[in-house]
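starting from these lines, generate the structure:
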Amino acid sequence: MKKILVRGARQLITLRGPWGPRRGMDARELGLIQDGSILVSDGVVACAGPTRRIENLAEARSALQIDATGRVVLPGFVDCHTHLVGGASRLADYETRIAGADYRQVCEAGGGILSSVHPVRELSSKHLEKRARHAVGTMLRHGTTTIEAKSGYGLDETGELKSLRVAATLDARPLDIVSTYLGAHAVPPEYAGRPDDYIEWMRAHMLPLIRRRRLARFVDVACDRAAFNARQARRYLEAAKVLGFGLRVHAEQFSNCGGARLAVELGAASADHLVFADTADIDLLAQSGTIATLIPGAVLHLGLDRYPPARALLDRGAAVALATGFNPGTSPTLSMPMVLSLACAHMRMTPAEALTAATINAAHAVGLEDRAGSLEPGKQADLVIYDVPDYREIPYHFGVNLVHTVVKRGEIVYQRADIKWTDQS
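Next comes the predicted model:
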């Protein structure tokens, strides 16, 4: 039986607490232990507590020790909204926006989601896997240990199945990957002007096919004026629910189209973006089990000045999660710490609320709350050691990677090589 003792953390953030996503003041309770240690046995958390107590356990005496003295230890981030498998960066879109075009104008000029469709359809699985594997490695080095990965850039049978298979290939190598079918990301070229026909094709063919092949746990839809209206999204999601898929919704990103209300009504696990959520939407989310997943990186990258109403959601009692929204067009960041910085600076979340949103609440958003998101006995030992003495420094130092060590299922999967300066004179 392999044992690891992570000892002497100046702050051990456990996120232990009541079952369920954290709301209200509970979102600020981190289960913080000063001078804390954690004992890991066969890849799962055996116990966590004050260092003196944990070190005195008989099991700890023979454990491999990882010294966390002076540092912060917390659960690995759960990035609960990513578009992991995609084509190359959309640099032309980026320059067009810098010149003053908005997202609609970028799409009308041939950019946007559809500009990624042809490359994904044409690229080999091997090429897509290589790009995705590189992204996974970067996420890991920034403290992410679990991700959700959407398809949505193939928009035909071959491209979507290829994308989902790539995600399946990378699952547990070493990150846990939860797959989502996002066929309803945009209307593909061959169905231009016929969104209802495309919805019916997915209902009749793609959803049953993906369910039979067990390639996705969730189904997602973009409910927006540039994608699918609430009526179309409902038909798609209702068919997915009958087949046993969990539901997710891209809602209220560029306008208010009823996506949040639809997500709550159908019992979706998550309603994502929510930039244009109104007071009624916020109240509905607060009274529901649907998690509000916010993606401030997309707002920053698009150069917009309106962020999701995180403060109102939290104050009304909604369960809030944070994610990178990683994709080649609107949020190319792979750094959850940067997302925390944006959440604190631009959405007025406290550092504690941001950590909760990026760990235990995000784990609930992807249905992995029983094994990820907190450091409690019986859960996977997915933890990160940060080279700071106080957890608030993680969002404070924006754009800086402070990760020292990443442990996944009790195994060290990344450790920063400390630079040792020598006098060359």
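
could you pull out the buried residues of the worst-scoring helix or strand of the chain on mean pLDDT?
Lowest on mean pLDDT, DSSP states H and E among the helices and strands of the chain sits helix 103-108, with a mean of 74. For helix 103-108, burial by neighbour count (16 or more other C-beta atoms under 10 Å) applies to 103, 106-107. C-betas here are computed from N, CA, C, even on glycine.

do the same with stretch 353-369
Buried residues in stretch 353-369 (16+ other C-beta under 10 Å): 353-369.

and that stretch, end to end?
17 Å (C-alpha to C-alpha, to the nearest Å).

how far is that stretch from where the chain is centred?
From the chain centre to the centre of stretch 353-369 is a distance of 9 Å (C-alpha atoms, centre = their mean, to the nearest Å).

before we move on, what about stretch 101-110?
Counting by C-alpha atoms, centre = their mean, stretch 101-110 comes out at 26 Å from the chain centroid.

ok, stretch 263-281 next?
That offset, for stretch 263-281, works out to 17 Å (C-alpha atoms, centre = their mean).

and the average pLDDT for it is what?
Across stretch 263-281, the average pLDDT comes to 98.

ok, longest helix in this structure?
helix 125-141 (DSSP state H).

elements contacting that helix?
strand 144-150, helix 157-170, strand 403-408, strand 411-415 (3 or more C-beta pairs under 8 Å, 6 or more residues apart in numbering; DSSP states H and E).

and if we set it to 6 Å?
Judged by 3 or more C-beta pairs under 6 Å, 6 or more residues apart in numbering; DSSP states H and E, helix 125-141 is in contact with helix 157-170.

which outside residues touch the helix it packs on?
Residues from elsewhere that reach helix 157-170, judged by C-beta atoms under 6 Å, 6 or more residues apart in numbering: 85, 120-121, 125, 128-129, 132, 149, 151, 154, 177, 179, 183, 215-216.

tell me the angle it makes with strand 144-150.
170 degrees (axes from the mean of the first three to the mean of the last three C-alpha atoms, to 10 degrees).

what sits up against the following helix or strand past helix 157-170?
Under the assignment DSSP states H and E, the closest C-terminal helix or strand after helix 157-170 is strand 176-184. The contact list for strand 176-184, computed with C-beta under 6 Å, 6+ apart, reads 146-152, 160, 164, 167, 170-171, 202, 206, 210, 216-221, 228, 236, 366.

any idea how far strand 176-184 is from the chain center?
With C-alpha atoms, centre = their mean, you get 12 Å for strand 176-184.

pull out the buried positions in it.
Buried residues in strand 176-184 (16+ other C-beta under 10 Å): 176-184.

dump the residues you listed to JSON lines, plus pLDDT and distance to Ala263.
Formatted as JSON lines, the buried residues of strand 176-184 follow (pLDDT from 0 to 100; distance: C-beta to C-beta, whole Å):
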{"residue": "Asp176", "pLDDT": "98", "distance to Ala263": "24"}
{"residue": "Ile177", "pLDDT": "98", "distance to Ala263": "23"}
{"residue": "Val178", "pLDDT": "98", "distance to Ala263": "17"}
{"residue": "Ser179", "pLDDT": "98", "distance to Ala263": "19"}
{"residue": "Thr180", "pLDDT": "98", "distance to Ala263": "14"}
{"residue": "Tyr181", "pLDDT": "98", "distance to Ala263": "16"}
{"residue": "Leu182", "pLDDT": "98", "distance to Ala263": "14"}
{"residue": "Gly183", "pLDDT": "97", "distance to Ala263": "17"}
{"residue": "Ala184", "pLDDT": "98", "distance to Ala263": "13"}
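
can you pick out the most distant pair from those?
The distance between the two most remote of these (C-beta to C-beta) is 24.7 Å, for Asp176 and Ala184.

ok, back up a step: ok, so of the buried residues of helix 103-108, who is nearest Val388?
So of the buried residues of helix 103-108, ranked by how close each gets to Val388 (C-beta to C-beta), first place is Tyr103, at 35.9 Å.

pLDDT weak spots in the protein?
Scanning the chain for pLDDT under 70 picks out the ranges 109-110, 418-425.

how's it carved up into domains?
3-75+374-415, 78-365 (automatic domain parsing).

buried deepest among those, which one?
For these, the largest average neighbour count (mean count of other C-beta atoms under 10 Å) is found in domain 78-365, namely a mean of 21.

residue ranges of the helices in the stretch 201-350 of the chain, please?
Along the stretch 201-350 of the chain, counting by DSSP state H, counting those that start in this stretch, helices occupy 207-213, 230-242, 259-266, 279-286, 296-302, 310-316, 336-347.
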